[in-house]
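[1] fold the following for me, if possible:
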Amino acid sequence: MTAVLTLDVETTESTQGRPFMLKSHVSEQATGFVDLRSATYTLVATATDVQGEPVEIIKAIPGDDFDSYVAEAMRSASIERLEKGSWFAEIALMPGVWGEGDSKAAASADLAGALEEWLFLKIVDEDRDLPVLAHIDLNRF
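    Modelled structure (predicted):
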């Protein structure tokens, strides 16, 4: 099943892990946590199937793979100062993923957050079109 998720994100505390944050502007629910014992990112999202029934989607992603992928993608980020003085950051291989901020560091941090959210959405939606970076293929999740 392919679910198109639009997320109003909430994070939840877990006794076994710390919450991670996804930011979004849209309408279903997702929660996630990192299990510190196994270093696994777990995304739990609720979508609606074609009959209108709620469907829970759970994806577990090895933290090492995910973190290395994000770090590799961030190495290819371009960051530039805009005419108004703010900063803009993007990753050419990932169209539509961008960040902004009052400083270069703030734009980079915003980009990293947007990238993580985008990756989780692509994985949950089973798009399978993520580029392979440094021999890491997140399309298998």
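[2] residue boundaries of the helices in this structure?
    Counting by DSSP state H, the chain has helices at residues 63-75, 104-124.
[3] okay, these, which one's buried deepest?
    Mean neighbour count, computed with mean count of other Cβ atoms under 10 Å, is highest for helix 104-124 among the helices of the chain, reaching a mean of 19. Using the backbone N, CA and C atoms, a C-beta is placed for each residue, glycine as well.
[4] distance from the chain centre to that helix, please.
    6 Å (Cα atoms, centre = their mean, to the nearest Å).
[5] then stretch 63-78 to PDB, C-alphas only?
    These are the backbone C-alpha positions of stretch 63-78, laid out as PDB (Å, rounded to 0.1, in the frame of the first residue of the first chain):
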ATOM      1  CA  GLY A  63      20.000   4.800  13.200                       C
ATOM      2  CA  ASP A  64      23.600   4.400  11.900                       C
ATOM      3  CA  ASP A  65      22.300   4.100   8.300                       C
ATOM      4  CA  PHE A  66      20.000   7.000   8.600                       C
ATOM      5  CA  ASP A  67      22.400   9.300  10.400                       C
ATOM      6  CA  SER A  68      25.200   8.500   7.900                       C
ATOM      7  CA  TYR A  69      22.900   9.200   5.000                       C
ATOM      8  CA  VAL A  70      21.800  12.600   6.400                       C
ATOM      9  CA  ALA A  71      25.500  13.500   7.100                       C
ATOM     10  CA  GLU A  72      26.400  12.500   3.500                       C
ATOM     11  CA  ALA A  73      23.500  14.500   2.000                       C
ATOM     12  CA  MET A  74      24.400  17.500   4.100                       C
ATOM     13  CA  ARG A  75      27.900  17.400   2.700                       C
ATOM     14  CA  SER A  76      26.500  18.200  -0.700                       C
ATOM     15  CA  ALA A  77      24.300  21.100   0.600                       C
ATOM     16  CA  SER A  78      24.700  24.500  -0.900                       C
END
